[in-house]
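Chemist: Sharing a model that was predicted from the sequence below.
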Amino acid sequence: MDEADRAVRNRTYQLFVEHGRAPTPDEVGPGTQDAWRRLHDAHALVLDDDGLRMLNPFSVVPTSYLVEAAGRSWYANCAWDAIAVCAALHSDGRIDTTCPDCLAEITLEIRDERPSDESLLFHCLVPAAHWWDDVVFT
């Protein structure tokens with residue numbers, strides 16, 4: 001990734017956090033669409049047919065991982081990313097989700113960079129070496 005693409009990535013994240021929604025290419029600046037394609041290919045963000053899909057750890061589309069942090073609601077891509085939203089925002093937060101196995105409701109508080117329940121486990125069925133084969137499924 002060169003400095004120009006890094007600048008587009010940083011501006012994209014900045015605008016996403018500032019506005020709470022995915023920025024348009026025009027809002028980010030000239031050359032954004034080409035830079036986003038290169039960043040997608042480098043796994044620095046995820047595009048779909050509608051544009052931005054993931055700005056890891058943030059999800060641009062609604063998911064079952066809702067994070068309340070820094071005075072706003074955010075969606076995360078998975079349980080791991082939900083915790084990472086708080087880290088990315090340097091904020092305490094609350095994560096609401098459901099167990100994908102039994103559908104039990106799960107609420108996790110993040111305070112002072114620590115989870116309220118350290119007994120919870122994150123399990124990913126897809127081996128890490130294959131996450132990017134279909135990152136949306138993973």
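Modeler: Here it is on my side, so go on. Numbers count the residues shown, from 1 in each chain.
Chemist: contacting residues for residue 103?
Modeler: Contact criterion C-beta atoms under 8 Å, 6 or more residues apart in numbering gives no residues in contact with residue 103. For the C-beta atoms, the positions are set from N, CA and C on the backbone; glycine is no exception.
Chemist: Confirm that it sits in a strand.
Modeler: No: counting by DSSP: H, G, I helix; E, B strand; the rest coil, residue 103 is not part of a strand but coil.
Chemist: quick check: mean pLDDT across the single longest helix found in the chain?
Modeler: As assigned by DSSP state H, the longest helix anywhere in the chain is helix 3-19. On average, the pLDDT along helix 3-19 is 97.
Chemist: residues in contact with it?
Modeler: The set of residues external to helix 3-19 that reach it, using C-beta under 8 Å, 6+ apart, is 1, 22-23, 27-29, 31-32, 35-36, 38-39, 42, 44-45, 52, 55, 58, 60, 70, 89.
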